[in-house]
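In: One predicted model, sequence on top.
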Amino acid sequence: MAHHLGPGMHAGYPQNTMVLLRVGLLFQEGLYHEACREVLAGIAAAPEEPTLHLLLGGVYERVGLKDLAAEAFAEARLHSTRHP
């Protein structure tokens, strides 16, 4: 199923949307390491996107990395309150 969500498979969809879909699928399957790697790649491509930081916090929280989760959630808040 994840191969249907690979890069270039859905031209026209925003890249962040595809990252969210892939991470959601990996998370649902319990593949937390892969989900973390995917969301970190998304953040590298779009570091100002608060949703990706929020998602990273959720992955960290799920695997028990509370401090990293708190940092990711704080980063999400920071980016969501910035005004262009």
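Out: All right, it came through fine.
In: What count of nearby residues applies to the closest residue in space to Glu75 that isn't next to it in sequence?
Out: Leaving aside its chain neighbours, Glu75 sits nearest to His53 (4.3 Å; criterion: CB to CB, 6 or more residues apart in numbering). All C-beta spots, glycine's among them, are computed from the backbone N, C-alpha and C. By other CB atoms under 10 Å, the residues close to His53 number 24.
In: Leu25 and Thr81, how far apart?
Out: 29 Å (CB to CB, to the nearest Å).
In: the more surrounded of the two?
Out: Remark: of Leu25 and Thr81, Leu25 carries more neighbours, 17 against 8, as counted by other CB under 10 Å.
In: quick revisit: let me see the contact set for the residue nearest to Glu75.
Out: Neighbouring residues of His53 by CB atoms under 8 Å, 6 or more residues apart in numbering: 43, 72-73, 75-76, 79.
In: Can you tell me which of those has the most neighbours?
Out: Among the contacts of His53, Ala72 has the most neighbours (other CB under 10 Å), with 23 neighbours.
In: Now that residue: which helix or strand?
Out: For Ala72, the host element (DSSP states H and E) is helix 66-81.
In: residues touching the residue nearest the centre of the chain, list them.
Out: Centroid check for the chain by CA atoms, centre = their mean gives Val39 as the closest residue, at 3.4 Å. Residues in contact with Val39 (CB under 8 Å, 6+ apart) are 19, 23, 52, 55-56, 59.
In: Fine by me, we can end here.
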